[in-house]
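Trainee: this one's structure only:
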């Protein structure tokens, strides 16, 4: 059954109202709460003095009401006594620059003194509560990987890791190109610290290393927790995909379930007509699906949404509660993409501290109101759905190759600029979003992959895949050769696994197979793009190539679209060429929404959902465990619409038969299943 | 008699021209100069070597010409020898981050070494000049409170103060909500320094403490100076209201007179049609009155304007001398709001240093020109007015409750965002300005209050009054119950005196009395607002609710205006309800200029001035000591206008009878008195 | 013969292809390469272990092909072993704030330990290669003066220099106006470090001192290199005019040739219709000439262009390869203004490091393509020109007085603001550009001067010449008196050599001679300007005075243009007055492009080139050694144009006779010589 609930902090409540809260939760359809992860100083008020009994009434009360509990290890927020006792555990965000105390996660998570204390408190809490019947699983730490750590011992380990990886300094000198600007090392201890580093190859290694530290830390916690956990209890940790030092796949590899915190811009931020972006908070309805699809890809399996908008998300000056209906919409959208829980952050809005305006389900007055009602409506839906959606597996029309190293490389030296001319450090997201948005708008469903088996996907998109080893390029080429349709976007394959620019003719690894090459590229604002004669692309007048132009020169490929520009017009914007049993399409620019949609409609003419995409209606679909198919039909707009349903189905929540036209209200969603 | 003059720095002059300057001052109508406050290194060129005689010719020359002198204590700028001798007196603007030497006020004003030297030089200067007949008063230090001090000894005193205030850490843990994020203290010495603090309740206490340090410092100086001052000499210090660490009311409590430095954006910045803001330099004619009314409120009494624009204000790249007439306008506007002096900063434009383009009355050539003439014209006016305006008490139609703690709380965690989405740290000023501007435009006059007796005011506005203790809320409620019209604006009463969000139904303390409540609020850009049927509000089509929306739900209150919006339209923008013998109106948004003006015209239909407000004409009025009334009629525009005067009066400056229509030139002002 | 080539880094190549590269260079017309300046760690991999033989094949191969070599001293990038051995050689960009290692030039170039090691490596490299026949000259260091150094020993030398210059602290107190804000010094050791300094006079001395350190450093290197250099070898160093700590004239005084790195915004950035600016990368075709004319002025002699755009310039997110033809255009523009070499940076695009997207002539694939072809086309031109242009001396219609101290003063306290109200630290360039652009557009040619003999120029422009000693003002006045036409722009002469504002009536030194004075000035956005009746200025409707207005009051001068504004209309925007045998024109504002062009067309009605200026066609001209005149006719646009040539000439490259009309293609240039 789908889990539904919220993080619950009885310890933050200004008054004792545990039973009232739990009753309200039960009435709203809650089946799960998350507890205890933020209050080490409550578990252990003084060094070695533990107080672990306070949570028992919460677990007891939850259990009584059939609500499961995810228990958090409280390691992400160290108590003042520990900061005071061992100040050197403070994270350094530059060499010698300690993060000032006052928030949380300002810790060098590799420091032995921190690890000693963290282990002690974990063991105390686990020993006390692991046997409790309410506990269904554990969250280890919370959104790990906030800081790139510059502490001296961390840097020393980095050098040791380089030595292990490269063997000798001359190999490093060569792979990083350190002849440039006189950076050649004679000895390992001459490596400069990262603060002033300008070498992209160095930075990429540094970022990989930082993510490894986070994985190591979570693995270490998992080892401890598994000593206590019952077999029916799961281990997870919630991932914030924007954290700089986390590799979600690696972290989740040692856990039972992936968990993601998926927030979004509510209100018009959820409109299908909003172009949106992945910038915080992510906006555009597509961005919700993008992040949900990222979460599935973490383990290529169902995942928990451990946090999502209850009311407002963010600081005191950004209060943006959603419109009526949006809670149901978001919940079903997440479920449709494989979430097996929807949990809000958090139950009640706080009265103190930095998060007093990150809204909960209950307002400051603690009186249930519109938000509670909206949440409860979704709770009612899920209760009505029962276990019908267990084992749901979201459909996919296309695979997108995702690459954290490419993202890291672009954060350091982005290929795109912002409107004011400065670097766009979110260039990776901008490029991949442009393609994702196109397929989403075209009604196609995306599976993010990190390599692996591709042949099951009719189309594979590799855009912005800057850092790629030879094997990955070969995998993609072979995929096309074997019959797949490979769509290459800008920058793919341009650098090797070390982040070195390849000297092979670009697009490296594909110039021959794709029948196209380039030796130049340029940043542009936006260029009109029109279809070539006979092109299968249906381009509207507002189709544009934005931000980037590869000077594509066809050597056998068919140009599908060209720039309408005196200079850039010599180069096609899009080419395609048969290759082996398949096809390689090369997109030399960051496509505007309408260009991307046209590409997607051509490459994916018949999305598996079987429902035509027409903004603002958007449909996702999935296979259920019993072989039936489910459809999740959303109206991402403030106006009611009628959507054609070209088959017969059953409304999962009402049991009504559906066929022909489906009426959706403003910000509405319907869940259909095949008969 | 009104004082008129400037700060005079003979010591900065490139040539000796004392007598020329004093003659020019006399000719311009000067009655006062301020001297000596900036040059400790001239008073005491070396440690313990004093040179206090240089000022005597200035005092003698001033006295000869009937010009009084305000003598400054030179403590805000320490000499290089003292910086060099005791570098630890440097202010720290973060823990361990000393302000670099090179400006002024870069001192930890609580450091004993600084106090030792400051006291010594004060005593030398005072002993020498207190007896001089020219000296009419003293300015202690200068614009105190520039820095929030992070020096170790300051932080130690802060902890001691918390201990004294809260008694034990558990009380602090509770009042500041330190369970959150594991911040509970076990011992006082575990308190983290302010640098990394994110807890609003901590910051509010920290800001209060910083203001107390400034008060303590000024009080300490006052004690020394009073040992020398004659009974006929006053003590004051000039306040810059934008300083982060000054509570004007507390500082002035130990002094004889309040003083304010009131600068403004000249040129079109003074136009009535300029929406303006309190951002530096304050713009919009209303902003001049806002600051003048703040100055009156410091002691609820006449005050000195110790500094105002001579020519340009600000750095080298902002040279904005006013238009002809604006000097007279500003001078009379200040006088009309209770200023008993108008003093320019400063006499001559400097040839060196960081302030060489903060223009004086004399240009760099020292040849009197347009600015001198404009200033002298005002001097002539004031001479003509003689002592007619002594004892003037500005009229007030409405009281605005002002709250520094609310301002500080909003600087830390503002409820409003800027256009680009970032926090608007000036949210307090933005909210209060929106209401002030409305009443100003409606021709009503404002008295800022900090609590106290309210019954004399027909209307009291409490907007943005976020931090308020229970007594304040009760005072306001009782005011309405007893017959007053209380106008509540956004955020009022939302937090208690510690800055904790209240859990009472909002608006806390008023939900029942005002017949309205809210549990949600949202940030918006701007929403159209229209009057309800039968509403007394006369709303033009451009009326808007901006920045903030409270989800007001009426429980007995009458909606006066609603949002024209599919989502927010469910909630009224303005409600009103009779309460006891009075009325409570609740405004759930930051009103646009026209919405605010409509509110004011409804709440204050007949301003006490008796002159109809019609932009660009604006009138203030006052009671004189002899019981007569005075009117100050301004044309805040570049075009001549005719203003109706519905009564008979006398032009104070010409003696002409006035009645019917009054012709005003561009940037003109007329001063009328009743017969 | 003109030199043509590029910087060549065989040591950065991913594969050995020296002979291929040199062949390609020869084919493209190369006659020079620059080598070896960036790789100290290759020359000396470990402390005292030298490897100096690796370059020999490059020199041998170049010599074989008739390509000369400029050998660089490798001192701007210290090796890791040296950073590690003597960390205190790190430059401090604030007191105690060391630049983090990781780039280059992060060195205190005055530190003895650095100098010791630098000398040793220079001697080793020079001893090995000075005799090599390929070596035609030396580049000392590279773009020196990147950092303003705050190291303690540097500051100590600064104080010593002040002591030497001013003698005693009282003189300094007086000249810097240190009475202000209590900054008077009693002893030299009380001087505050520059970090917190706000005194402009201090900053000006500090900047002068920093430039002197750079000169001292280059002179020191020159002394060493001359011990090895053959008489036929030249010494130079490449100057980046935007570096904060370099005085190009002083640095070049000890060298044989001036060298400049002149980059530009390609594509539409080179259009004549682009208003442009000197901000990086400089834009507007005029900006290319501005910088070229600066380079000539360094020694008032021919110079090398050591670096210019090969492809993209700048970081990863700014890839802007030029349009076809622009390489030829730029090359000929530089030559026309006295460049005796055109060298690209660099030969091949790098595969590693921070400069991987600063494009070379060869792309990452190392396969010659469009850029190589464009470069080779210019190489062909130059080969065709042969030695015809040897001894070329660019023509000049007008002298512009250039002043680094004024630039430095404006960087610290600029008189202009940016659009958002903040300081425009590039105010000097903005003011001088406004005038330069006007003369350029009018077809006139500019010679930058730093004083000296002016009588040869019919017009001298002194705009933004803020810091000027009495002698300079007298030189300019005498120039006009003797018959010249002196055009004064805003701020000229306003401060003396110490940066003190003069108290003389403004414009200081000219008020009487120019028949005009001002005591006020104001910052404005833009004011319409119209010609007075009978004015010789032909002002179009879009003529504007921008950013600044001097309140000019005529005392005998004739107003030529006035502001169309109710307030500023009282003051003329431009005046002119006969003076002695000449004339002084005073421009009280920063002229808009059309106002500046009108001024130039009036002051320089018949430019020496003899070809009428009509955008987008622009012509420069020069005298050749044999007395012939050369013309360089550019079409700075994407559209072919026909330009009238009112005389007969010969096309230097084709030998064709030219006369009447000249057809130019898009981005085209023609080189004509008189018969």
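Mentor: Looks like it came in fine. All values derive from a computational prediction rather than experimental measurement. Numbering: from 1, shown residues only, chains lettered A, B, ... in the order given.

Trainee: quick one: is the host helix or strand of residue A:83 near chain B?
Mentor: According to DSSP states H and E, residue A:83 maps onto helix A:80-85. Yes. Residues of helix A:80-85 are located near chain B by CB under 8 Å from any CB of the partner chain, namely A:80-81, A:83-84. Placement of C-beta: from N, CA and C, glycine included.

Trainee: What parts of the stretch 501-650 of chain A come near chain B?
Mentor: So far as CB under 8 Å from any CB goes, the stretch 501-650 of chain A lies against chain B at residue A:638.

Trainee: and the residue lying closest to residue A:580 once chain neighbours are set aside, what pLDDT?
Mentor: Among residues not flanking residue A:580 along the chain, residue A:481 sits closest, at 3.3 Å (CB to CB, 6 or more residues apart in numbering or on different chains). Predicted confidence (pLDDT) for residue A:481: 98.

Trainee: who's in contact with residue A:481?
Mentor: Applying CB atoms under 8 Å, 6 or more residues apart in numbering or on different chains to residue A:481 gives the contacts A:513, A:579-582.

Trainee: what do you get if the cut-off is 10 Å, keeping everything else the same?
Mentor: For residue A:481, the contact set (CB atoms under 10 Å, 6 or more residues apart in numbering or on different chains) comprises A:474, A:513, A:579-584.

Trainee: repeat for residue A:8
Mentor: Taking CB under 10 Å, 6+ apart as the test, what residue A:8 contacts is A:18, A:21-22, A:25, A:30, A:32-36, A:58, A:62, A:67, A:69, A:343-344, A:346-348, A:360-361.

Trainee: Please flag which of these sit within strands.
Mentor: When strands are assigned by DSSP state E, the members of the contacts of residue A:8 inside them are A:32-35, A:69, A:343-344.

Trainee: Surely residue A:303 touches residue A:295?
Mentor: Yes. Using CB atoms under 10 Å, residue A:303 makes contact with residue A:295 at a distance of 4.6 Å.

Trainee: what is in contact with these two at once?
Mentor: The contact lists of residue A:303 and residue A:295 share A:239, A:248, A:252, A:258-260, A:262, A:334, A:337-339, where a contact means CB under 10 Å, 6+ apart.

Trainee: which of those residues lies closest to residue B:220?
Mentor: In terms of CB to CB, no member of the shared contacts of residue A:303 and residue A:295 lies closer to residue B:220 than residue A:239, at 55.6 Å.

Trainee: If we ignore the residues flanking it in sequence, what's nearest that closest one?
Mentor: residue A:248 (4.9 Å).

Trainee: any idea how far the one you found is from residue A:331?
Mentor: Separation of residue A:248 from residue A:331 (CB to CB, to the nearest Å): 22 Å.

Trainee: Among those two, which residue is more densely surrounded?
Mentor: In this view residue A:248 and residue A:331 are compared by other CB atoms under 10 Å in any protein chain shown, and residue A:248 has more residues nearby, 28 against 25.

Trainee: Just confirm yes or no for stretch A:586-606 near chain C.
Mentor: No. On the criterion CB under 10 Å from any CB of the partner chain, stretch A:586-606 is out of touch with chain C, staying 12.6 Å away.

Trainee: how deep is the residue in the stretch 451-600 of chain A that chain B sits nearest to tucked in, by neighbour count?
Mentor: When scored by CB to the nearest CB, the stretch 451-600 of chain A has residue A:525 as its residue closest to chain B, at 20.5 Å. By the criterion of other CB under 10 Å, residue A:525 has 9 neighbours.

Trainee: swap in residue A:644?
Mentor: 12.

Trainee: Quick one: mean pLDDT over the helix ranked longest in chain A.
Mentor: The helix that spans the most residues within chain A, counting by DSSP state H, is helix A:200-226. Across helix A:200-226, pLDDT averages out at 98.

Trainee: Next, the residue of the stretch 351-500 of chain A found nearest chain B: secondary structure please.
Mentor: Here the residue of the stretch 351-500 of chain A nearest chain B is residue A:352; by CB to the nearest CB that distance is 2.2 Å. Residue A:352 falls in the coil class when you classify it by DSSP: H, G, I helix; E, B strand; the rest coil.

Trainee: Identify the residue spatially nearest to it, adjacent ones excluded.
Mentor: residue B:177 (2.2 Å).

Trainee: isn't that neighbour right next to residue B:199, touching?
Mentor: Yes. At 7.5 Å, residue B:177 counts as touching residue B:199 under the criterion of CB under 10 Å.

Trainee: Name the residues contacting each of these two.
Mentor: A:352-353, A:356, B:183, B:499.

Trainee: Highest neighbour count among the residues you listed?
Mentor: Most surrounded of those: other CB under 10 Å gives residue B:183, at 31 neighbours.

Trainee: interface residues of the stretch 1-150 of chain A facing chain C?
Mentor: Applying CB under 10 Å from any CB, we find that the stretch 1-150 of chain A lies next to chain C at A:94-95.

Trainee: Single out the residue in the stretch 1-150 of chain A that lies closest to chain C.
Mentor: Closest point on the stretch 1-150 of chain A to chain C, by CB to the nearest CB, is residue A:95, at 7.9 Å.

Trainee: Pretty sure that residue sits against residue A:195.
Mentor: Yes. In terms of CB under 10 Å, residue A:95 counts as a neighbour of residue A:195; the distance is 5.2 Å.

Trainee: related to what we said a few turns ago, quick one: contacts for the residue of the stretch 1-150 of chain A closest to chain C?
Mentor: By CB under 10 Å, 6+ apart, the neighbours of residue A:95 are A:150-152, A:154-155, A:192-196, C:100.

Trainee: And residue A:159, by the same measure?
Mentor: Contacts of residue A:159 (CB under 10 Å, 6+ apart): A:188-191, A:193.

Trainee: distance of it from chain B?
Mentor: Going from residue A:159 to chain B by CB to the nearest CB, to the nearest Å gives 29 Å.

Trainee: For that residue, which three-state class applies?
Mentor: Recorded secondary structure, residue A:159: helix (three-state DSSP).

Trainee: re earlier: and the contacts of residue A:481, which of them are buried?
Mentor: A:513, A:579, A:582-584 (16 or more other CB atoms under 10 Å in any protein chain shown).
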